[in-house]
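> starting from these lines, generate the structure:
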Amino acid sequence: MVEREKRGAIPTHYNDTGCSVSSSCFTCPLPECRYDNPTSYNNWMRRQRRAQVRALVTTHGEKPFLAAELSSSLGVGERQAYRIKAQVLKGGSGR
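Predicted structure coming up:
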C-alpha cells in the first residue's frame, strides 16, 4: 500500500530554485514568500534600499554627496537620488 503524502509537506521531487531575493526558499530572509505576499516583498525592498542609501551617504562623510553614484547604484535619476537622500536622512520611507 502506498502512503499518501501529508498535506503541506514538501514533496520529494521539489526543486528549490529560489527567486531574485534568495537562491533557495529555505535560506530566504523574507518572512513570507514574495509571490505569496507582494506587499511584504515591496516593504522589504524599501528597507534594503534605505540601508543602501544610508551606507552610501554616511561613507562619504566629509566628501560631497555624489548624486550620480547613488542614482546609478539605485537605478534612478539624479534628482530622485537627491529626494531619496533627503527622505532617508529625515527618517522617511526613502522610496
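> mean confidence score for the lengthiest helix in the chain?
In the chain, assigned by DSSP state H, the helix with the most residues is helix 38-60. Here helix 38-60 scores 81 as its mean pLDDT.
> alpha carbons of it, as CSV, please.
Taking C-alpha atoms only, helix 38-60 is exported to CSV below (Å, rounded to 0.1, in the frame of the first residue of the first chain):
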residue,chain,number,x,y,z
PRO,A,38,4.0,41.1,-2.7
THR,A,39,3.4,43.9,-0.2
SER,A,40,5.8,42.3,2.3
TYR,A,41,8.3,42.0,-0.5
ASN,A,42,7.9,45.6,-1.5
ASN,A,43,8.4,46.8,2.1
TRP,A,44,11.5,44.6,2.4
MET,A,45,12.9,46.1,-0.8
ARG,A,46,12.3,49.6,0.6
ARG,A,47,14.2,48.8,3.8
GLN,A,48,17.0,47.4,1.8
ARG,A,49,17.2,50.5,-0.4
ARG,A,50,17.1,52.7,2.7
ALA,A,51,20.0,50.8,4.2
GLN,A,52,21.9,51.0,1.0
VAL,A,53,21.4,54.8,0.8
ARG,A,54,22.4,55.3,4.4
ALA,A,55,25.6,53.4,3.8
LEU,A,56,26.4,55.4,0.7
VAL,A,57,25.6,58.8,2.3
THR,A,58,27.5,58.0,5.6
THR,A,59,30.6,56.6,3.9
HIS,A,60,31.0,59.9,2.0
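> could you say what helices and strands that helix packs with?
If contacts are counted by 3 or more CB pairs under 8 Å, 6 or more residues apart in numbering; DSSP states H and E, helix 38-60 sits against helix 67-74, helix 78-90. In short, each C-beta sits where N, CA and C put it, glycine included.
> mind listing what's buried along that helix?
Within helix 38-60, the residues that qualify as buried are Tyr41, Trp44, Arg49, Arg50, Gln52, Val53, Leu56, Val57, counting by 16 or more other CB atoms under 10 Å.
> could the helices and strands packed on helix 38-60 go into CSV alongside distance to Arg34 and mean pLDDT?
Listed next are these as CSV, based on distance: least, CB to CB, whole Å; pLDDT from 0 to 100:
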stretch, distance to Arg34, mean pLDDT
helix 67-74, 19, 80
helix 78-90, 22, 81
